[in-house]
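Quick one, what's the 3D model for this:
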Amino acid sequence: MSNVFAHGRLRLYLLKLLDESPRHGYEVIRLLEERFQGSYAPSAGTVYPRLAKLEQEGLVEHSTEGGRKVYRITEAGRRELADRQADLAELELEINASVAQLADAIRADVRDSAKDLREELRNAARSARQPEDPAGATWQRTRDEFAEFKAQAKRAKEQEKLAKEQAKRAKEEARKAREQSQAVRQAAQQEALRIKRRVEQQFREHAGAGDWPTGLSEGISELTKGLAGLADPSRWGAAPPPPPAPQDIPGWAETDPAADPARELDRLLDRFRDQVRDAARDGRTAVTPAQLAEARAVLGEAGERLRRLLG
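From the prediction side, this is the model:
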């Protein structure tokens with residue numbers, strides 16, 4: 001059973017259990033034992049170090065409740081779980097196949113026990129016919145053993161039913177993951193084709209007017225924007241990446257968190273304009289064409305980023 005969790009799969013399954021509900025370490029161990037019908041019970045030395053590793057990676061966090069650590073999945077953990085739905089569905093299938101094999105082994109053991117019990121019943125019947133054998137005691141022992149056999153058979157049947165239900169659910173989850181992945185691929189292919197046609201049309205229009213350099217420049221710009229859009233995970237239903245960590249902010253760029261955001265933005269733009277003008281005026285030499293070109297590129301990029309942010 002241990003090969004099911006090879007190559008980081010136990011790590012993935014721990015994220016799934018914590019996505020279902022916050023849990024403490026002992027509860028995680030007990031749930032794993034239940035999922036495998038008692039055939040696999042990981043030790044604390046297996047589970048707790050992996051939980052600590054997940055916490056170091058920012059996929060899990062914990063709080064202390066009642067003197068025990070309660071682990072919860074983070075947004076980063078949910079994103080990884082969403083990205084690996086296909087792997088999780090495959091893992092569920094393998095787990096349920098392992099449980100089904102366990103149920104088969106239990107049925108085989110029950111059949112062997114039934115065979116031995118029938119043989120004991122025949123021996124008990126033969127012994128009961130002999131005067132020297134205490135028939136009453138032998139019959140009582142046989143009845144007890146037969147009752148235990150029936151209980152084992154009932155448990156085996158319940159475990160087989162549970163294994164079938166889990167296999168059915170895992171199969172359905174795998175199907176949904178495949179359909180979602182196929183839909184994303186098709187949508188991305190259609191969008192890429194649309195971008196290609198738009199770029200070709202723009203280039204033909206400018207080239208027809210004799211201005212092919214402008215057509216080439218605008219075509220490359222349009223293609224760059226389109227590819228950036230395709231790389232946006234939120235466009236395909238995935239969670240967007242976390243915002244970048246704040247950098248050191250100069251004094252003139254500080255804002256008042258309690259003030260109106262729109263008014264603060266206007267003031268910030270005014271101060272930015274003043275900073276650029278002062279830098280140009282305080283220079284020891286006149287602004288060169290190369291400096292102007294580089295400044296234009298920087299301002300154009302900043303303006304486009306702000307337009308996307310505010311638009």
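
What residues of stretch 88-97 count as buried?
Leu88, Ala89, Glu90, Leu91, Glu92, Leu93, Ile95, Asn96 (16 or more other C-beta atoms under 10 Å). Quick note: C-beta positions are derived from backbone N, CA and C, even for glycine.

Now intersect the residues you listed with the helices, please.
Leu88, Ala89, Glu90, Leu91, Glu92, Leu93, Ile95, Asn96 (DSSP state H).

ok, back up a step: which single one of the buried residues of stretch 88-97 is nearest to Phe272?
Leu88 (47.6 Å; C-beta to C-beta).

quick one: pLDDT of the closest one?
What the model reports as pLDDT for Leu88 is 83.

and it, what is it in contact with?
Leu12, Tyr13, Lys16, Leu81, Glu173, Ala177 (C-beta atoms under 8 Å, 6 or more residues apart in numbering).

Could you find which two of those residues are furthest from each other?
Among the contacts of Leu88, Tyr13 and Ala177 lie farthest apart (C-beta to C-beta), at 15.5 Å.

Between the two, which has more neighbouring residues?
Tyr13 (21 against 17; other C-beta atoms under 10 Å).

What distance do you get for Glu94 to Asp87?
Look at Glu94 and Asp87: by C-beta to C-beta, to the nearest Å, they are 11 Å apart.

Same question for Asp266.
Taking C-beta to C-beta, one finds Asp266 at 49 Å from Asp87.

pLDDT (mean, whole number) over the helix or strand Tyr71 falls within?
Using DSSP states H and E, Tyr71 maps to strand 68-73. The pLDDT scores in strand 68-73 average 93.

what does stretch 171-179 give?
79.

What are the buried residues along it?
Glu173, Ala174, Ala177.

For my notes, confirm Phe149 occurs in a strand.
No - assessed with DSSP: H, G, I helix; E, B strand; the rest coil, Phe149 is helix; it does not lie in a strand.

For it, the count of nearby residues, please.
16.

what packs against the strand holding Tyr71?
In terms of contacts (3 or more C-beta pairs under 8 Å, 6 or more residues apart in numbering; DSSP states H and E), strand 68-73 is packed against helix 9-20, strand 23-24, helix 25-35, strand 60-65.

switch the cut-off to 7 Å
helix 9-20, strand 23-24, strand 60-65 (3 or more C-beta pairs under 7 Å, 6 or more residues apart in numbering; DSSP states H and E).

Quick one: these as a markdown table, columns for distance to Ala302 and mean pLDDT too.
Listed next are those as a markdown table, based on distance: least, C-beta to C-beta, whole Å; pLDDT from 0 to 100:
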| stretch | distance to Ala302 | mean pLDDT |
| --- | --- | --- |
| helix 9-20 | 39 | 88 |
| strand 23-24 | 46 | 92 |
| strand 60-65 | 36 | 92 |
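
Looking at these, which is nearest to Ala188?
helix 9-20 (25.0 Å).

before we move on, the earlier item: can I get the helices and strands packed on strand 68-73 in CSV with distance to Lys168?
CSV is the format used below for the helices and strands packed on strand 68-73 (distance: least, C-beta to C-beta, whole Å):
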stretch, distance to Lys168
helix 9-20, 18
strand 23-24, 25
strand 60-65, 30
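
so where's the stretch 101-250 of the chain shaky on pLDDT?
Counting by pLDDT under 70, the stretch 101-250 of the chain shows low-confidence ranges at 101-110, 114-115, 124-139, 181, 199, 202-203, 207, 211-219, 222-223, 226-248.

now, which of the contacts of Leu88 sits nearest Glu34?
Tyr13 (13.0 Å).

distance between the strand holding Tyr71 and the chain's centre?
Offset of strand 68-73 from its chain centre (C-alpha atoms, centre = their mean, to the nearest Å): 18 Å.

Check the burial of Gly77 by counting its neighbours.
21.

What of Glu57?
By other C-beta under 10 Å, neighbour count at Glu57 equals 13.

ok, now Gly251?
6.

Repeat that for Ser63.
10.

tell me the contacts of Lys287?
One thing to correct before we go on: residue 287 is Val, not Lys. Ala280 (C-beta atoms under 7 Å, 6 or more residues apart in numbering).

what about Arg111, which SS state?
helix.

Could you tell me how far it is located from Ala147?
Arg111 is 17 Å from Ala147, by C-beta to C-beta.

Let me know the closest of the ones in helices among the buried residues of stretch 88-97 to Glu301.
Out of these, the member with the shortest distance to Glu301 (by C-beta to C-beta) is Leu88, at 39.9 Å.

how much space is there between the closest one and Glu80?
10 Å.

go on, Asp19?
10 Å.

One more: Arg296?
For Arg296, the distance to Glu80 - C-beta to C-beta - is 41 Å.

cool, and Val298?
Distance from Val298 to Glu80, by C-beta to C-beta: 36 Å.

more neighbours, these two?
Glu80 (18 against 11).

helices or strands next to the helix or strand encompassing Gln140 in the packing?
Element membership for Gln140 (DSSP H and E) is helix 135-208. Here helix 135-208 touches helix 85-128, helix 212-230, going by 3+ C-beta pairs under 7 Å, 6+ apart.
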